[in-house]
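Asks: Predicted coordinates and the sequence they were generated for:
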Amino acid sequence: MKHSILISALFVGYWLPTTIVEAAPDADSLVAISEKLDGNISHVHTGGSWSLDGKDGHHRIVAYTGGFDHIRSALHLQWLALDPKTKKHTVLKTVKIRECDKLVGFIVESVKIERIGKACYALINYRTKEYIGEAEKGSIIEWKAAKMKIKLGSPSVYTIK
C-alpha cells in the first residue's frame, strides 16, 4: 500500500508550499517546483485537520509580501482536501483574511498552524506601523510587533481571536 507524505522545503529564503508526493523529490524536481512559485510568497505552513460531510483534509496559511515604497503582506487561508481517486491533496477553498487590510504597514514575520487542545489555530507574528507624532522633517512612525491567533474550522470557517 502506497502512502503519500507531506514535504516542505526551504529554498532561497522562502518556504515552498507543502507538496503531496509519493516519495521524496530529487533536487531537479524541487527546482522545478520552486520556479513556479509566486515570488511574493513569504511564508507557508500546512497543518491541522478538518472534516465536513464525509470529506477531510488539512489547513494551509499563505503570506504574500510585496510592494515597492510601501511593502505590506496579505494572508490567505486554504482548506486542502484529499482526492480519493488520485490520493493527492487539492485546494478546496481559499479565503483572504481581509481584517489584515485594515492594519497599517502590515508585515508578516512568521506563520504556523498548531493544535491547541482540540482546536487548530493559525498563529501569526507580524508588525505594523504606528503613528507617533510629527517632527520637522515629517511624521514619526514606529514599528509595533503583534500576534494574531485564528481558530480554524471546516472550509470557509475561521475566527480571529
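Replies: Everything's here; your move.
Asks: contacting residues for D101?
Replies: A74 (CB atoms under 8 Å, 6 or more residues apart in numbering). (Glycine included, C-beta is placed from N, CA and C.)
Asks: model confidence over the top strand by length along the chain, on average?
Replies: Among all segments of the chain classified by DSSP state E, the strand with the greatest residue count is strand 119-135. Model confidence over strand 119-135, given as mean pLDDT, is 89.
Asks: Direction included, what does it pair against?
Replies: strand 107-116 (antiparallel), strand 138-152 (antiparallel) (DSSP bridges).
Asks: now the longest one, how far from the centre of its chain.
Replies: Yep, that's strand 138-152 we're talking about. Put simply, strand 138-152 sits 17 Å off its chain's centre (CA atoms, centre = their mean, to the nearest Å).
Asks: packing partners for the helix or strand following that strand?
Replies: Proceeding N to C from strand 138-152, the next assigned helix or strand is strand 158-160, under DSSP states H and E. On a contact count with 3 or more CB pairs under 8 Å, 6 or more residues apart in numbering; DSSP states H and E, strand 158-160 meets strand 138-152.
Asks: got the CA coordinates for the strand it packs on in CSV?
Replies: Only the C-alpha atoms of strand 138-152 are listed here, as CSV (Å, rounded to 0.1, in the frame of the first residue of the first chain):
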residue,chain,number,x,y,z
GLY,A,138,7.7,64.6,8.6
SER,A,139,5.8,62.0,10.6
ILE,A,140,7.3,59.9,13.3
ILE,A,141,6.5,56.2,12.8
GLU,A,142,7.4,53.2,15.0
TRP,A,143,7.1,49.6,14.2
LYS,A,144,4.9,47.6,16.6
ALA,A,145,5.2,43.8,17.0
ALA,A,146,1.9,41.9,17.4
LYS,A,147,0.4,38.5,17.3
MET,A,148,-2.8,37.1,15.7
LYS,A,149,-4.5,33.9,16.6
ILE,A,150,-7.0,32.4,14.1
LYS,A,151,-9.2,29.5,15.1
LEU,A,152,-9.6,27.2,12.1
